[in-house]
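Q: I'd like to go over a predicted model; first the sequence, then the structure.
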Amino acid sequence: MQKNLEWWARAVSIVASHPVLVSRRITYDVQRMISDKLSSVGYYSYPHRIIFLAGMAMSATTWMKNLLARVPGYYTRPMPMPYDVDYNQDICDSAFSLLPKHGYTLFKTHLNPKPENLDCLFRNGVDKVLITYRDLRDVAIARYYRLIEFPKAKDAFDFVDYRVLGKEKAMDHSIEQVASEYTWWISEWKTIAKCDSGRYHFTKFEDLKKDTMGEFKKVLNFYGIELSDKEIGNIVEQARGRGSMKKNIIESSILPWGYAANFRSGKIGNWKDEFTAKQITKCKELLGPSLIEIGYEKDFNW
């Protein structure tokens with residue numbers, strides 16, 4: 001009884017504090033239900049029922065998700081999974097359990113390129129995978145600022161308090177974590193795609209930043225989605241990052257998942273202003289081979 005009262009008290013508080021956001025959440029859910037019904041009679045007809053986004057963390061995955069969530073007929077949905085599967089960026093069949101018989105779905109993940117994860121995707125109707133990635137040095141910067149604002153839970157196995165550690169040590173740690181988690185990640189996705197290039201599409205954060213409309217068109221073409229330039233332009237404008245990261249993340253707890261954002265500044269080459277000389281040397285050692293492999297550098301002279 002007490003827990004029910006507390007739940008209702010929180011719900012009333014949220015509605016009273018953020019009525020516009022709550023209204024958008026309700027509207028989205030209703031529109032999704034109507035869209036699924038319309039899809040059942042052929043109103044929406046796309047070649048692929050699922051858009052599956054597997055992005056490197058801090059690489060505009062959320063931005064790309066916000067663009068695709070505005071394609072008419074496509075909606076994000078809950079992905080019920082065991083906590084450890086979700087936290088470790090893996091996937092299992094339960095993630096697809098709430099897909100409707102009719103309707104179009106957008107998944108946004110940071111999925112690890114493991115054989116068991118790919119098998120799960122393909123047996124659950126995923127035909128194509130979209131991968132976003134970014135200069136690993138800027139990922140380390142973005143990761144640092146994200147964890148300063150929003151640290152992981154203290155009981156998480158990988159919790160480190162960057163605010164206590166201090167900027168230099170925390171940035172060193174972020175570089176090390178990016179090297180450990182993401183160099184193999186992007187290399188493995190690239191290797192997998194070589195065997196079946198038509199099933200995978202890569203978008204670089206830097207390209208999306210420089211030519212959002214052009215890169216978004218490439219993604220739409222990859223999924224066989226035809227929209228007019230006017231429609232695409234409107235989507236690009238609606239999905240443009242606004243507000244601070246802190247404000248966006250707080251609002252994302254209320255907004256529908258398709259519209260939730262966590263944008264920061266998203267600068268290209270920000271590492272040049274943030275890293276010390278020692279940290280650049282560390283990046284050459286830990287990230288250099290990967291940066292050359294994925295085309296960000298030609299050699300170690302940077």
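A: Alright, I've got the coordinates.
Q: longest single helix anywhere in this structure?
A: helix 167-195 (DSSP state H).
Q: If you count contacts, what does that helix end up packed against?
A: Judged by 3 or more CB pairs under 8 Å, 6 or more residues apart in numbering; DSSP states H and E, helix 167-195 is in contact with strand 129-133, helix 136-149, helix 162-165, strand 200-204, helix 277-286, helix 288-293. From N, CA and C alone the C-beta is placed, and that goes for glycine too.
Q: Nearest to Asp84 among these would be which one?
A: helix 136-149 (20.6 Å; CB to CB).
Q: Packing partners of the closest one?
A: Contacts defined by 3+ CB pairs under 8 Å, 6+ apart place helix 136-149 against helix 162-165, helix 167-195, helix 245-252, helix 271-274, helix 277-286, helix 288-293.
Q: Make CSV out of those helices and add distance to Lys114.
A: Compiled in CSV, those are given as follows (distance: least, CB to CB, whole Å):
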stretch, distance to Lys114
helix 162-165, 28
helix 167-195, 8
helix 245-252, 27
helix 271-274, 29
helix 277-286, 22
helix 288-293, 18
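Q: Lowest average pLDDT across the ones you listed?
A: When the helices and strands packed on helix 136-149 are compared on average pLDDT, helix 245-252 comes out lowest at a mean of 57.
Q: Give me the pLDDT for the residue positioned nearest the centre of the chain.
A: In the chain, the C-alpha nearest the mean C-alpha coordinate belongs to Thr61, at 2.9 Å (CA atoms, centre = their mean). Per-residue pLDDT puts Thr61 at 92.
Q: picking that back up, now find how far off-centre the longest helix of the chain is within its chain.
A: Remark: helix 167-195 is offset 16 Å from the chain centroid, using CA atoms, centre = their mean, to the nearest Å.
Q: do stretch 152-161 as well
A: 21 Å.
Q: what about it, start to end distance?
A: Distance between the boundary residues of stretch 152-161 (CA to CA, to the nearest Å) amounts to 8 Å.
Q: got any ranges where the protein has weak pLDDT?
A: 1-18, 241-265 (pLDDT under 70).
Q: go again using 50 as the cut-off
A: 7-9, 11-12 (pLDDT under 50).
Q: Can you give me the buried ones in the longest helix of the chain?
A: 170-175, 177-179, 181-183, 185-186, 189-190, 192-193 (16 or more other CB atoms under 10 Å).
Q: swap in stretch 79-91?
A: Under the neighbour-count criterion of 16+ other CB under 10 Å, stretch 79-91 has Met79, Met81, Gln89, Asp90, Ile91 buried.
Q: Next, the contact list for the last one, please.
A: When contacts are counted by CB atoms under 8 Å, 6 or more residues apart in numbering, Ile91 is found next to Met81, Val85, Thr109, Leu111, Asn117, Cys120, Leu121.
Q: I figured the last one hits Asp127, correct?
A: No. In this structure, Leu121 is not within contact of Asp127 by CB atoms under 8 Å, at 9.1 Å.
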